[in-house]
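**Q** would you be able to build a 3D model of this:
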Amino acid sequence: MQYYLRAIAILLFIILISCNEKPKQKEVIPENNIKDSIALAKDSIEKEDKEKADSTIVLTEENAIPFLFEYQKKHKQSKVKIYTSMGSFNIDLYENTPYHRANFIYLTRKNYFNKTYFHRVVKDFIIQGGNTDLKMTSDKRDSIGFYLLPPDTRKGHKHTRGTVSMPSSDDVTNPHKLASPFEFFIVTTKTGAPHLNGKFTAFGMVSSGMDVVDKINNIKTGEDEWPMTNVVIDSVQILD
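**A** Below you'll find the model as predicted:
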């Protein structure tokens, strides 16, 4: 009998405690936070979709210019930092050479330049980067596509010291001097290279780290102007 009375007493005690507990309040998320979260999610989805589209397109002579025309409107970045095995330097890309600027930003976002070389060095003249003797570089080019860029030489940019420009072949097969989109060169001579004006598209300028560019320009090369020790572009970072 005492056992049952004790059990009933314990049961009543538990019921009384339960009744005294305050119900948990439901967490209310402010409406502004909800809207911000939705906006962030939407931006993230749109960015992911755009990057997927960028990764699947293969550029050709027919679609490269229309693609870059749209790309330059959406991607306004104009400052990059180039990390090399000999140090780093910054480049400001010109806004009024939109196809060449957009092309450089596009290739940077595709990580094309990573692990390419400054493969041509002419002392007191230029350093040229964006190529290697490795199969992986040609594989990267194949995946991005085959295309050339038309010259854009009437914007008033001269080939002064520190100018970043785009090379093109100088032969009868390329009378319009269409540019190779995968490479670039930097003028190092103190007096500039005025004989290049009007022939090649200057699309940027080294804004800091010219001492690193000069260091690369002084490296020993073979007769083919290829450095005896590879100068590797480790990565290119977009700064804005």
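**Q** where in the protein is pLDDT low?
**A** Applying pLDDT under 70 to the chain flags the ranges 1-55, 169-176.
**Q** one more pass at 50, please.
**A** Across the chain, the ranges flagged by pLDDT under 50 are 3-5, 7, 26, 29, 37-38, 41-42, 44-45, 48.
**Q** mind listing the helices in it by residue range?
**A** Assigned by DSSP state H, the helices in the chain fall at 2-20, 31-56, 64-74, 98-109, 135-144, 210-217.
**Q** what's the closest non-adjacent residue to the residue nearest the centre of the chain?
**A** Nearest residue to the geometric centre of the chain (CA atoms, centre = their mean): T108, 2.9 Å. Leaving aside its chain neighbours, T108 sits nearest to V236 (4.7 Å; criterion: CB to CB, 6 or more residues apart in numbering). For glycine as for every other residue, the C-beta is placed from the backbone atoms N, C-alpha and C.
**Q** same thing with K155?
**A** Per CB to CB, 6+ apart, closest to K155 is N96, 4.9 Å.
**Q** burial of that neighbour, as a residue count?
**A** Neighbours of N96 under the rule other CB atoms under 10 Å: 11.
**Q** look up phi and psi at it.
**A** Note on N96: its backbone torsions stand at phi -90, psi 10 [degrees, to the nearest 10].
**Q** can you tell me how far it sits from Q72?
**A** Taking CB to CB, to the nearest Å as the measure, N96 falls 11 Å from Q72.
**Q** cool, and K158?
**A** 23 Å.
**Q** compare these two (neighbour count), which wins?
**A** Using other CB under 10 Å as the criterion, K158 and Q72 rank with Q72 on top: 19 against 13.
**Q** I'd say S235 and Y83 touch.
**A** Yes. Look at S235 against Y83 with CB atoms under 8 Å: they come within range, at 5.0 Å.
**Q** mind listing what's buried along stretch 72-80?
**A** Neighbour-count burial for stretch 72-80, counted by 16 or more other CB atoms under 10 Å, picks out 72, 75, 78, 80.
**Q** actually stretch 224-235, not the one I typed
**A** 227, 231-233.
**Q** what's the answer for stretch 140-154, then?
**A** 140-141, 144, 147-149, 151-153.
**Q** next one: stretch 91-102
**A** Those buried within stretch 91-102 under the rule 16+ other CB under 10 Å are 91-94, 97-102.
**Q** still on that earlier bit, among the buried residues of stretch 224-235, which lie within strands?
**A** Using DSSP state E, the subset of these located in strands is 232-233.
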